[in-house]
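> with the sequence up front, the predicted model follows.
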Amino acid sequence: MLLMRIAQQAETIANLEHRIQLLLVAHKAMIIAVGRQGGAEAWRELFLGYEHVTAEIDELVRDAAP
């Protein structure tokens, strides 16, 4: 019983990690597209006062798969 529960939780974790990677890649593509259209500065203005958030986003984007 315990081994089955552990296996199910491991599968759930793997699925969630996969979803996170998909979201990171999708957001990275969106951020790059906005930047290419000249909207990166406008996008950053939305986060004025929340530079810690943009720093974390930048780190996630750098770490995301291409």
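In hand now; what should we look at? Numbering: from 1, shown residues only.

> spatially central residue for the chain, please.
Nearest to the geometric centre of the chain sits residue 24, at 3.0 Å (CA atoms, centre = their mean).

> what are the buried residues along the helix or strand containing it?
Per DSSP states H and E: residue 24 is located in helix 2-36. With burial defined by 16 or more other CB atoms under 10 Å, the residues of helix 2-36 counted as buried are 28, 31. C-beta here means a position set from N, CA and C on the backbone, and glycine is covered the same way.

> for it, packing partners?
Contacting helix 2-36 under the criterion 3 or more CB pairs under 8 Å, 6 or more residues apart in numbering; DSSP states H and E are the following elements: helix 40-45, helix 51-63.

> ok now the shortest one, how far from the chain's centre?
Read it as helix 40-45. 18 Å (CA atoms, centre = their mean, to the nearest Å).

> show me what that helix is in contact with.
Helix 40-45 has contacts (CB atoms under 8 Å, 6 or more residues apart in numbering) with 31, 34, 35, 54.

> what's the pLDDT at the last one?
Right, residue 54. Note on residue 54: pLDDT of 82.

> swap in the third one?
Note for residue 35: predicted pLDDT of 84.

> likewise the first one?
In the predicted model, residue 31 carries a pLDDT score of 83.

> my read: it touches residue 60, true?
No. Using CB atoms under 8 Å, residue 31 is not in contact with residue 60, being 10.0 Å away.

> contacting residues for residue 28?
Counted by CB under 8 Å, 6+ apart, residue 28 has contacts 61, 64.

> and it, how far from residue 19?
15 Å (CB to CB, to the nearest Å).

> and what of residue 39?
Taking CB to CB as the measure, residue 39 falls 27 Å from residue 19.

> just the pLDDT for residue 66.
So, for residue 66, pLDDT stands at 62.
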